[in-house]
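Trainee: What follows is a predicted structure for the sequence shown.
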Amino acid sequence: NYHGFDLSDPRFADQKVRQAFMYAIDRPTIIEQLYGGQATLANCAYILPQYFPDGLNDYAQNVDTAKQLLSDAGFDTSQPVEILTYYADQLSQDVLVTIQQFMSDVGVQVEIRAVDTPTYNQITPDPSQWDVVFAGAADGPDPDVLSTHFESIEANPAVLNRSGIKDAQLDDLFAQGRAAVDPDARAAIYQQICQIMNEQVYWAPLWVPTRFGGASTNIENFVWVPAPGGGRYYDQAELWSLAA
């Protein structure tokens, strides 16, 4: 889960504003109290440790820092920020109300708009129709799956980059990552990507909820390995069978 910013909106053009969102929200408390501890904190769009560089900012909640960053950026706190989401479940609504309170503590008025998924998909291609989204993106064992959200449309017109991210260094690194064959070399490239994500906060990464699966005890050879973020996963379903 993440907050995606409309980067064509002048209010979110300054990196300090996006960082302020991170500092304002007490993510560990949300994970502990609302998710019952069943989520993993995310400080970039990846949570697999091989893609973590040293020295990532963990953005521990700091109300004073958030307020100072907003002030330094000249952020207009008199104008409310709308958070658009397609999550209608009670947990997500509780999370958003909690985030609303955290943002209020740093002087930002948040309004929540929950719509169904088809409506969300109609709204988000037009950045003039939204400010910030609370959404999820399928991650997976291969880090390139997220390139479609971060590569610039100028570099790859086929991407789903609704925030309007334009970072030539990210474009170059994603291209290098796809071309690299050696696993260690690839990991080093995606560590650089993670570092940029962490510093620039094009998305405000939040957490990855734990996925649970259940199956009948009558199933033999059952394997299910969910991927981070509910993306690609491995299950060998062709080997499953029912006990007689």
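Mentor: Received it, and whenever you're ready, just let me know what you need.
Trainee: Next, the buried residues of the top helix by length along the chain.
Mentor: In the chain, taking DSSP state H as the definition, the longest helix is helix 183-200. By 16 or more other CB atoms under 10 Å, the buried positions in helix 183-200 come out as 186-198, 200. The C-beta positions use only the backbone N, C-alpha and C, and glycine is treated the same way.
Trainee: Would you mind listing where this protein has pLDDT under the threshold?
Mentor: Low-confidence segments of the chain, defined by pLDDT under 70, span residues 226-233.
Trainee: can we see that at 80?
Mentor: 138-141, 211-214, 223-235, 244 (pLDDT under 80).
Trainee: Let me see the ranges of the strands in it.
Mentor: Using DSSP state E, the strands of the chain run over 2-5, 39-41, 81-85, 110-114, 132-135, 203-205, 207-209, 219-220, 241-242.
Trainee: so which of those strands comes closest to Phe21?
Mentor: Closest approach to Phe21 among those is made by strand 203-205 (4.8 Å; CB to CB).
Trainee: In the sheet, which strands lie alongside that closest one, parallel or antiparallel?
Mentor: Here strand 203-205 is paired, per DSSP bridges, with strand 2-5 (antiparallel).
Trainee: Only C-alpha atoms, please: export the strand it pairs with in PDB.
Mentor: Included here for strand 2-5 are C-alpha records, laid out as PDB according to Å, rounded to 0.1, in the frame of the first residue of the first chain:
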ATOM      1  CA  TYR A   2       1.200   3.500  -0.800                       C
ATOM      2  CA  HIS A   3       0.200   7.100  -1.200                       C
ATOM      3  CA  GLY A   4       0.600   8.200  -4.900                       C
ATOM      4  CA  PHE A   5       0.900  11.900  -5.500                       C
END
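Trainee: need the contact list for Met22.
Mentor: Under the criterion of CB atoms under 8 Å, 6 or more residues apart in numbering, the contact list for Met22 reads Tyr59, Val201, Ala204.
Trainee: which among those residues gets closest to Val97?
Mentor: Nearest to Val97, judged by CB to CB, of the contacts of Met22 is Ala204 at 17.2 Å.
Trainee: Near that closest one, how many other residues are there?
Mentor: 22 (other CB atoms under 10 Å).
Trainee: thinking again about what came up before, in JSON lines, list the buried residues of helix 183-200 along with distance to Gly4.
Mentor: As requested, the buried residues of helix 183-200 are exported to JSON lines (distance: CB to CB, whole Å):
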{"residue": "Arg186", "distance to Gly4": "25"}
{"residue": "Ala187", "distance to Gly4": "25"}
{"residue": "Ala188", "distance to Gly4": "27"}
{"residue": "Ile189", "distance to Gly4": "23"}
{"residue": "Tyr190", "distance to Gly4": "20"}
{"residue": "Gln191", "distance to Gly4": "22"}
{"residue": "Gln192", "distance to Gly4": "21"}
{"residue": "Ile193", "distance to Gly4": "17"}
{"residue": "Cys194", "distance to Gly4": "17"}
{"residue": "Gln195", "distance to Gly4": "19"}
{"residue": "Ile196", "distance to Gly4": "16"}
{"residue": "Met197", "distance to Gly4": "12"}
{"residue": "Asn198", "distance to Gly4": "16"}
{"residue": "Gln200", "distance to Gly4": "13"}
